[in-house]
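Asks: coords please:
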Amino acid sequence: MDIIFNPPENSENQYIRILVDQLRERGYQIHSLDNLLSAGRTHFRSIRLVHLNWFENVDDSSFLVALRSFMRKMVVLTVIRFSGKKLVWTMHNRASHEKKLSFFSRTLTWFLIRWSDRIIIHSRQTEYLIRAQYPSATQKMVYYPHPHFIGAYQQPESKSGENGTTLSLLFTGMVKPYKNLELLIRVVSEFKDTVHLTIAGRAVNPSYEQELRWLGSAASNISLVLKFVPDEELLELISACDALVLPYDMASSLNSGTVILAFSCKKTVICPEIGTITDLGERQDLTFHYRYKNPEEHANALRQQIKKAVRLKQENPNTFTRLGQQLYNYVQAENSPEKAGDLLDGTYRLLTESKK
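Replies: The predicted model follows:
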């Protein structure tokens with residue numbers, strides 16, 4: 001079956017590669033969305049289904065750029081809708097992380113929810129959100145856990161035991177304002193030499209990079225690696241830390257592939273109670289989780305969880321090895337890529353073989 005899975009590849013996101021590989025193993029021919037309208041009538045007619053990821057995101061670097069991106073995406077959605085092709089959309093976030101021109105993203109989300117034949121969700125929080133805000137879309141939801149990354153990387157041996165009693169924390173991912181890194185730097189700097197933090201990832205723009213470098217320069221216990229981090233280097237950084245710290249914005253975040261990556265590498269996390277965390281159920285206690293309502297509460301809650309982690313590290317450094325192993329065992333059993341591939345395959349076939 002010829003389908004579009006967008007994006008079909010992403011060198012910085014193994015999630016895409018894992019799912020595309022699963023689909024190809026099941027006989028799907030994967031095509032790029034960019035060629036839907038430009039590759040000719042025969043190609044257009046051959047496409048049975050379109051699956052979109054993060055399609056609601058709009059570049060908000062300027063109004064004209066955002067408007068152009070929005071209009072292009074609306075044309076694509078309209079063509080998909082009125083050509084009768086089946087549309088599947090994965091809802092990754094509660095709302096767009098881009099705040100300046102969020103109207104465009106909200107509008108795209110509105111159309112995606114109404115025009116999608118199925119909405120893929122990776123957390124139960126997403127289900128509750130859709131039920132509350134878009135009750136008519138409830139029947140479209142298909143839940144499966146975010147696939148793990150076990151085997152996607154060549155994992156080095158953990159080196160966290162080499163840190164002595166110092167708690168070693170790592171933030172990794174695209175470095176953007178919604179990830180509350182300014183707050184993280186401020187809180188971690190209070191702990192002096194009992195905590196060391198590494199922030200690794202490419203900054204969204206040079207001005208934000210400079211802002212973080214200025215903030216980090218005042219703290220001797222913070223290292224900044226503000227660049228694209230290749231897989232091999234990323235895994236070395238993860239192996240050297242005790243835990244990943246991910247102070248996400250709860251107003252926009254639902255799922256986190258980085259949390260699943262941490263568990264896949266036998267690491268626990270310090271993280272707000274986003275959907276990926278609450279889906280753990282009673283296993284949430286294997287992580288350092290918290291909730292907040294405003295920036296002040298966030299700083300206090302994050303501070304308390306880091307204090308708890310410092311105390312556990314000083315009492316018994318092996319605690320983090322135990323927590324990481326238990327989380328690894330959980331995602332290995334519950335978040336298999338094969339399960340995700342089977343559910344996607346079943347969803348696609350149900351849609352394309354129906355008379356609707």
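
Asks: What's the end-to-end length of stretch 109-124?
Replies: Length of stretch 109-124, first residue to last, C-alpha to C-alpha, to the nearest Å: 19 Å.

Asks: How about residues contacting it?
Replies: Stretch 109-124 is contacted from outside by 51-52, 55-56, 74, 77, 80-81, 86-92, 95-96, 127, 130, 134, 137, 140-146, 254-255, 274-276, 278-279, 344, 347, 351, using C-beta atoms under 8 Å, 6 or more residues apart in numbering. No exception for glycine: its C-beta is placed from N, CA and C like everyone else's.

Asks: hang on, isn't residue 79 packed against residue 36?
Replies: Yes. Here residue 79 reaches residue 36: they are 7.3 Å apart, a contact under C-beta atoms under 8 Å.

Asks: okay, these two: which has more neighbours?
Replies: Each of residue 79 and residue 36 has its neighbours counted (other C-beta atoms under 10 Å); residue 36 has more, 19 against 14.

Asks: Distance-wise, check that one relative to residue 298.
Replies: 42 Å (C-beta to C-beta, to the nearest Å).

Asks: List the contacts of the closest residue to residue 14 other than its chain neighbours.
Replies: Spatial nearest neighbour of residue 14, excluding adjacent residues (C-beta to C-beta, 6 or more residues apart in numbering): residue 152 at 4.7 Å. Residue 152 is in contact with 14, 17-18, 264, counting by C-beta under 8 Å, 6+ apart.

Asks: Against residue 323, how distant is residue 152?
Replies: For residue 152 relative to residue 323 (C-beta to C-beta), the value is 21 Å.

Asks: Check residue 214 too.
Replies: 34 Å.

Asks: ok, those two, which is more surrounded?
Replies: Comparing residue 214 with residue 323 by other C-beta under 10 Å, the one with more neighbours is residue 323, at 24 against 9.

Asks: That one: helix or strand, and which one exactly?
Replies: In the assignment (DSSP states H and E), residue 323 maps to helix 319-334.

Asks: which element follows that helix toward the C-terminus?
Replies: Where DSSP H and E defines the elements, the next helix or strand beyond helix 319-334 is helix 337-353.

Asks: which helices and strands does that next one pack with?
Replies: helix 14-25, strand 49-53, strand 86-91, strand 118-121 (3 or more C-beta pairs under 8 Å, 6 or more residues apart in numbering; DSSP states H and E).

Asks: about what we covered before: let me have the contacts of residue 152 in a markdown table, extended by pLDDT, distance to residue 219 and neighbour count.
Replies: Below are the contacts of residue 152 laid out as a markdown table (pLDDT from 0 to 100; distance: C-beta to C-beta, whole Å; neighbours: other C-beta atoms under 10 Å):
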| residue | pLDDT | distance to residue 219 | neighbour count |
| --- | --- | --- | --- |
| 14 | 90 | 31 | 18 |
| 17 | 95 | 36 | 14 |
| 18 | 96 | 36 | 20 |
| 264 | 97 | 30 | 24 |
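
Asks: tell me, how many neighbours does residue 249 end up with?
Replies: 19.

Asks: likewise the one 3 residues further on?
Replies: Other residues within reach of residue 252, judged by other C-beta under 10 Å, total 16.

Asks: What segments of the stretch 201-350 of the chain are strands?
Replies: 222-225, 243-245, 268-272, 288-290 (DSSP state E, counting those that start in this stretch).

Asks: Residue 304 is nearest to which of those strands?
Replies: Each of the strands of the stretch 201-350 of the chain was scored for nearness to residue 304 using C-beta to C-beta, and the closest is strand 288-290 (7.2 Å).

Asks: Neighbouring strands of the closest one in the sheet, and parallel or not?
Replies: Its sheet considered, strand 288-290 pairs with strand 268-272 (parallel) by DSSP bridges.

Asks: Okay, now the unreliable bits of the stretch 251-356 of the chain?
Replies: 354-356 (pLDDT under 70).

Asks: how about a cut-off of 90?
Replies: 251-253, 317, 354-356 (pLDDT under 90).

Asks: What ranges does the stretch 51-200 of the chain have for its helices?
Replies: In the stretch 51-200 of the chain, the segments counted as helices under DSSP state H, counting those that start in this stretch are 63-83, 102-115, 124-133, 181-189.

Asks: Pick the most deeply packed of those helices.
Replies: helix 181-189 (a mean of 20; mean count of other C-beta atoms under 10 Å).

Asks: who's in contact with that helix?
Replies: Against helix 181-189 from outside (C-beta under 8 Å, 6+ apart): 169, 171, 175, 195, 197, 199, 211-212, 215-216, 218-219, 221-222, 245, 247, 295, 298-299, 302-303, 306.

Asks: I'd like to know which of those residues are buried.
Replies: Buried members of these, scored by 16 or more other C-beta atoms under 10 Å, are 169, 171, 175, 195, 197, 199, 212, 215-216, 219, 221-222, 245, 247, 298-299, 302-303, 306.

Asks: Sketch out the low-pLDDT regions of the stretch 51-200 of the chain for me.
Replies: 58-62, 93-103, 151-165, 173-174, 176-179.

Asks: again, only using 70
Replies: 95-100, 155-163.

Asks: can you pull up the bridge partners for the nearest residue to residue 171 once chain neighbours are set aside?
Replies: The spatial neighbour of residue 171 that comes closest, neighbours along the chain excluded (C-beta to C-beta, 6+ apart), is residue 199 at 4.7 Å. Beta-bridge partners recorded for residue 199 (DSSP bridges): residue 171, residue 224.
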